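*Asks:* Below are the sequence and a predicted model for it; my questions follow.
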Amino acid sequence: MHFVRSAALAGAAAVAVQAQGSSQCTNGYVCNSNAMIQPTEADANTLTYAYAIQNLLVQWYDQYSFSESDFSALPNADAVQMNGQSMAANVAANFAGLKQQATLGLQAIQQLGDVVGASMPSCDYNLPPGLPNVTAAIMSATLVEATLCGAFIGGADYVYHPEVANLMARMSAEHGIHGSFLHTYTQSVPFSADSMALTPAFTPDQILSSGMGVGYLGDYIPAGCVSAPAPPCNAPISFGPLLPTTMANNMTSPMPTTAVAGVAAPSGMAYGTGVMGAARPTAAPVAGGAASNGTNASGSYAGSGAGGSATSGPTSVYTGAAAAPTAVGNLVGALGAGIAVLGML
């Protein structure tokens, strides 16, 4: 499993955050009189954004509560696993654990945010009133966890202080692990030898925009609740299959760029079209339709589905048109028997 830049960022030194008189350190950081690196407005704004999207996940786990009996509807739910418990019991226990981890992540963001002067927005999230079944719950949780993984990877490009960068890395790895684990419930072979991209990363502007699939939460976060932090030097950032690109003076660096939706995920996890891979459609992430020309319910590299179509190849840019929004109650038809290409990590 790969987590883009997580290991490097997590290795950044944890430096105490204090706001006093500043001076230039020998290694380029701005330090105060006690040789402590000073946080910036960018750190505060990014943590405000991080709190809003992390709290969405916490509210998701609070709203959609499932018990062991609910998960008994899953295939092989009664199978006894290595710990002597049934699969249904273990899935329920894991969901409870994921909820706890989401809460701990929110606490970490709030604690560091309080130190650097970030505000903690209270959003009235637009979560659907319910999910039709536990299969839909697993898919929906996978989508949100995968989206937050890419959101925190992208958020690392918007911060300055090592402690904030460290938390961005830690949160991206946290959600990446969660999303990959959830993915194993719906995909027997989630990794492709044809993968040409690392874990997708998303800018705050994309995360807060409307759309269906991994990388879009704008349909759930009400307008005015939180704003996207500005990129460094206000230079737009985009994320390709391997590297980010920063644009300055309307000029793009020569690094190859690819839309974040429509690429292959790390370790070969497919990131195609359909329920989990549309670039700018207008349906909710928990909704979608079955692929009409793909190999499973979520579409194929060159197939089409609820999200439209993609150009050929695992690093293709999404070019299809969005389908009309689909009601949550119709999600079951989108899941089908495949649920194969969930396209995240």
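*Replies:* Received it, and whenever you're ready, just let me know what you need.
*Asks:* alpha carbons only for contacts and neighbour counts from here, please
*Replies:* Noted.
*Asks:* Can you classify Phe202 as helix, strand or coil?
*Replies:* coil (DSSP: H, G, I helix; E, B strand; the rest coil).
*Asks:* same check, this time on Ser69
*Replies:* Three-state assignment for Ser69 (three-state DSSP): helix.
*Asks:* Roughly how far does Cys225 sit from Phe95?
*Replies:* The spacing between Cys225 and Phe95, counted by CA to CA, to the nearest Å, is 27 Å.
*Asks:* higher neighbour count, these two?
*Replies:* Taking other CA atoms under 10 Å, Cys225 and Phe95 do not tie; Phe95 has more neighbours (19 against 13).
*Asks:* got a list of what the more buried one touches?
*Replies:* If you count contacts by CA atoms under 8 Å, 6 or more residues apart in numbering, Phe95 has none.
*Asks:* Which pLDDT value goes with it?
*Replies:* With respect to pLDDT, Phe95 scores 95.
*Asks:* Would you work out how far apart the start and end of stretch 117-126 are?
*Replies:* Start-to-end span of stretch 117-126 (CA to CA) is 27 Å.
*Asks:* Any buried residues in that stretch, and which?
*Replies:* Under the neighbour-count criterion of 16 or more other CA atoms under 10 Å, stretch 117-126 has 117-120, 123, 125 buried.
*Asks:* At which residues are the helices of the stretch 51-200 of the chain located?
*Replies:* 68-71, 87-116, 134-155, 162-183 (DSSP state H, counting those that start in this stretch).
*Asks:* Relative to Asp62, which of those helices is closest?
*Replies:* Closest of these to Asp62 is helix 87-116, at 7.7 Å (criterion: CA to CA).
*Asks:* So what angle separates the directions of the closest one and helix 134-155?
*Replies:* With axes from the mean of the first three to the mean of the last three CA atoms, to 10 degrees defining the directions, helix 87-116 sits at 30 degrees from helix 134-155.
*Asks:* so where is the stretch 101-250 of the chain shaky, pLDDT-wise?
*Replies:* Within the stretch 101-250 of the chain, the ranges that satisfy pLDDT under 70 run 249-250.
*Asks:* Now Ile237: closest residue in space that isn't a chain neighbour?
*Replies:* Take Ile237 and drop its neighbours on the chain: the residue closest to it by CA to CA, 6 or more residues apart in numbering is Thr246, 4.6 Å away.
*Asks:* Test my guess that that neighbour contacts Ser238.
*Replies:* Yes: using CA atoms under 8 Å, Thr246 is in contact with Ser238, at 6.6 Å.
*Asks:* quick revisit: nearest to Glu41, out of the helices of the stretch 51-200 of the chain?
*Replies:* Proximity to Glu41 (CA to CA) singles out helix 87-116 among the helices of the stretch 51-200 of the chain, at 8.3 Å.
*Asks:* what's the angle between the closest one and helix 162-183?
*Replies:* 170 degrees.
*Asks:* just to revisit the earlier point, what's the closest of the helices of the stretch 51-200 of the chain to Phe202?
*Replies:* Among the helices of the stretch 51-200 of the chain, the nearest to Phe202 by CA to CA is helix 134-155 (5.0 Å).
*Asks:* now for that closest one, which elements pack on it?
*Replies:* In this structure, helix 134-155 makes packing contacts with helix 41-63, helix 162-183, helix 204-207, helix 331-335, judged by 3 or more CA pairs under 8 Å, 6 or more residues apart in numbering; DSSP states H and E.
*Asks:* Of those, which stretch is the most buried?
*Replies:* Among the helices and strands packed on helix 134-155, helix 162-183 has the highest mean neighbour count (mean count of other CA atoms under 10 Å), at a mean of 24.
*Asks:* What about Ser188, how many residues nearby?
*Replies:* Ser188 has 10 neighbouring residues, counting by other CA under 10 Å.
*Asks:* likewise Met196?
*Replies:* Neighbour count for Met196, taken as other CA under 10 Å: 20.
*Asks:* State whether it and Pro241 are indeed in contact, as I suppose.
*Replies:* Yes: using CA under 8 Å, Met196 makes contact with Pro241 at a distance of 6.9 Å.
*Asks:* Relative to Ala136, how far out is the residue lying closest to Val91 once chain neighbours are set aside?
*Replies:* Sequence neighbours aside, Phe71 is the residue nearest to Val91 in space, at 7.0 Å (criterion: CA to CA, 6+ apart). Shown here: Phe71 relative to Ala136, a distance of 11 Å by CA to CA.
*Asks:* Would you mind telling me which of the helices of the stretch 51-200 of the chain is nearest Gly211?
*Replies:* With respect to Gly211, and counting by CA to CA, the nearest of the helices of the stretch 51-200 of the chain is helix 134-155 at 11.8 Å.
*Asks:* tell me what the longest strand along the chain is packed against?
*Replies:* For the chain, the strand with the greatest residue count under DSSP state E is strand 244-248. The contact analysis (3+ CA pairs under 8 Å, 6+ apart) places strand 244-248 against strand 237-239.
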